[in-house]
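>>> sequence and predicted structure are below.
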Amino acid sequence: EAQVTQNPRYLITVTGKKLTVTCSQNMNHEYMSWYRQDPGLGLRQIYYSMNVEVTDKGDVPEGYKVSRKEKRNFPLILESPSPNQTSLYFCASGRPMRNNEQFFGPGTRLTVL
Amino acid sequence: DQQVKQNSPSLSVQEGRISILNCDYTNSMFDYFLWYKKYPAEGPTFLISISSIKDKNEDGRFTVFLNKSAKHLSLHIVPSQPGDSAVYFCAASQGGSEKLVFGKGTKLTVNP
């Protein structure tokens, strides 16, 4: 089954404790992206990757890091989480020039205390 | 600066009637538009899209209309069903870019 998976689905952590949210896709997509969804703000892009070893900032990259060492994986790293990073995070993947349709993972709800 | 705007946070319609969800954009360089549907506890799923060379695209009960001069698009759902109750996001991109700019979403409730 074609899908984007994220882990963990739910996470409660404390300020300053480094964490990684994993994202994996099995559709051989070149493009991957991270979004956060906040009430009243919709979906905002954090980082994206056009292919292996190619990453770039989205609209709200502060406080986040990403890496793309393999085509299928695109982890999101919070080196020192803060309460304002409490949010619902979505990973997505897509194939360039294919109608821009992106496939989203199920989401990771992160709470930073 | 919000480039994609969905000014109605919520919409409630009766089952069987038409649902019309609206979206406005400010960036005239946008040339591809998409609608995504999101159920609680799930990721958004692609619903329908339209290129700027068209003014209408239809897929079953769903039709998207694009008015480039007004920088406005709308999603029509006919007839509406209770299973259509979800949050609908409008998104736009430009020049073949993979980057999508999303609106804030409209929560649709279809009452039986």
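Here it is on my side, so go on. Since the structure is predicted, the reported quantities are computational estimates derived from the model, not experimental observations.

>>> for the rest of this, base every contact and every neighbour count on C-alpha atoms.
Noted.

>>> excluding chain neighbours, what is closest to the closest residue to chain A within chain B?
As assessed by Cα to the nearest Cα, chain A sits closest to residue B:104 within chain B, at 3.7 Å. Nearest residue to residue B:104 in three dimensions, chain neighbours excluded: residue A:42, at 3.7 Å (Cα to Cα, 6 or more residues apart in numbering or on different chains).

>>> enumerate the residues of chain B near chain A.
Proximity of chain B to chain A is confined to B:34, B:41-46, B:49, B:89, B:93, B:96-98, B:100-105 under the rule Cα under 8 Å from any Cα of the partner chain.

>>> kindly recompute the last result at 7 Å.
Residues of chain B lying near chain A by Cα under 7 Å from any Cα of the partner chain: B:41, B:42, B:43, B:44, B:45, B:46, B:96, B:98, B:102, B:103, B:104, B:105.

>>> the first one: neighbouring residues, count only.
Applying other Cα atoms under 10 Å in any protein chain shown, we find 12 residues neighbouring residue B:41.

>>> again with residue B:92
A count of nearby residues for residue B:92, using other Cα under 10 Å, gives 26.

>>> beta partners for it?
residue B:33, residue B:101 (DSSP bridges).

>>> contacts only, for it.
By Cα atoms under 7 Å, 6 or more residues apart in numbering or on different chains, the residues touching residue B:92 are B:30, B:32, B:33, B:34, B:100, B:101, B:102.

>>> can you do 10 Å?
A:100, B:3-4, B:25, B:27, B:29-35, B:49-51, B:98-103 (Cα atoms under 10 Å, 6 or more residues apart in numbering or on different chains).

>>> which residues does the residue of chain B closest to chain A contact?
Residue B:104 makes contact with A:37-44, B:2, B:4-9, B:23, B:87-91, according to Cα under 10 Å, 6+ apart.

>>> please pick the buried ones from the residues you listed.
A:37, A:42-44, B:4-6, B:23, B:87-91 (16 or more other Cα atoms under 10 Å in any protein chain shown).

>>> next, give phi and psi for whatever residue of chain A ends up closest to chain B.
Closest contact between chain A and chain B, by Cα to the nearest Cα, is at residue A:42 (3.7 Å). Main-chain torsions, residue A:42, degrees, to the nearest 10: phi 70, psi -150.
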